[in-house]
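*Asks:* Dropping a prediction and its sequence here:
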Amino acid sequence: MKYSTAKPGFPAGNPIANIFVIIIGALAIGVSVVLGFVAFVVLGSIVAVLAAVIGLRVWWFSRKLKGQARRSQSDSRSTPGGVIEGEFHVIEDDHDRERKG
């Protein structure tokens with residue numbers, strides 16, 4: 001058996017109770033909207049700070065890599081063909097002496 005009313009409305013027949021229900025409902029909606037906005041701002045701030053930190057780190061790392069690449073290019077330009085110049089001394093050890101002699 002279905003129960004239905006001819007006039008839709010609030011369940012309480014008392015108009016003062018209906019006013020309290022409207023006021024409390026409006027306050028609940030308002031508080032939830034404000035809390036949702038605050039949560040959105042807090043989470044947005046956290047995301048923005050993390051994005052700034054990560055962006056700064058990536059920028060710093062790429063800057064460091066570019067500096068290393070520039071230094072390695074300038075080193076390779078000073079010695080064409082990738083030849084490393086320097087002095088060397090031949091040191092004989094016991095194994096070389098035994099073979100010679």
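*Replies:* Thanks, I have the structure now. All values derive from a computational prediction rather than experimental measurement.

*Asks:* Any stretches of this protein with poor pLDDT?
*Replies:* Applying pLDDT under 70 to the chain flags the ranges 1-12, 74-82, 96-97, 100-101.

*Asks:* same thing but at 80, please
*Replies:* Applying pLDDT under 80 to the chain flags residues 1-13, 69-85, 92-101.

*Asks:* Do you have the helices of it handy? List them.
*Replies:* 15-78, 94-100 (DSSP state H).

*Asks:* quick one, which of these is packed in tightest?
*Replies:* A comparison of the helices of the chain by mean neighbour count, using mean count of other CB atoms under 10 Å, puts helix 15-78 on top with a mean of 10. Quick note: C-beta positions are derived from backbone N, CA and C, even for glycine.

*Asks:* With distance to residue 84 as extra columns, can I get the helices of the chain in TSV?
*Replies:* Listed next are the helices of the chain as TSV, based on distance: least, CB to CB, whole Å:
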stretch	distance to residue 84
helix 15-78	10
helix 94-100	24
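
*Asks:* nearest to residue 86, of these?
*Replies:* Nearest to residue 86 among the helices of the chain is helix 15-78; the distance by CB to CB comes to 13.2 Å.

*Asks:* So for residue 87, which of the helices of the chain sits nearest?
*Replies:* helix 15-78 (17.3 Å).

*Asks:* now for that closest one, which elements pack on it?
*Replies:* With contacts taken as 3 or more CB pairs under 8 Å, 6 or more residues apart in numbering; DSSP states H and E, helix 15-78 sits against no other helix or strand.

*Asks:* For that helix, what is the distance to the chain centroid?
*Replies:* Centre-to-centre, helix 15-78 and its host chain are 9 Å apart (CA atoms, centre = their mean, to the nearest Å).
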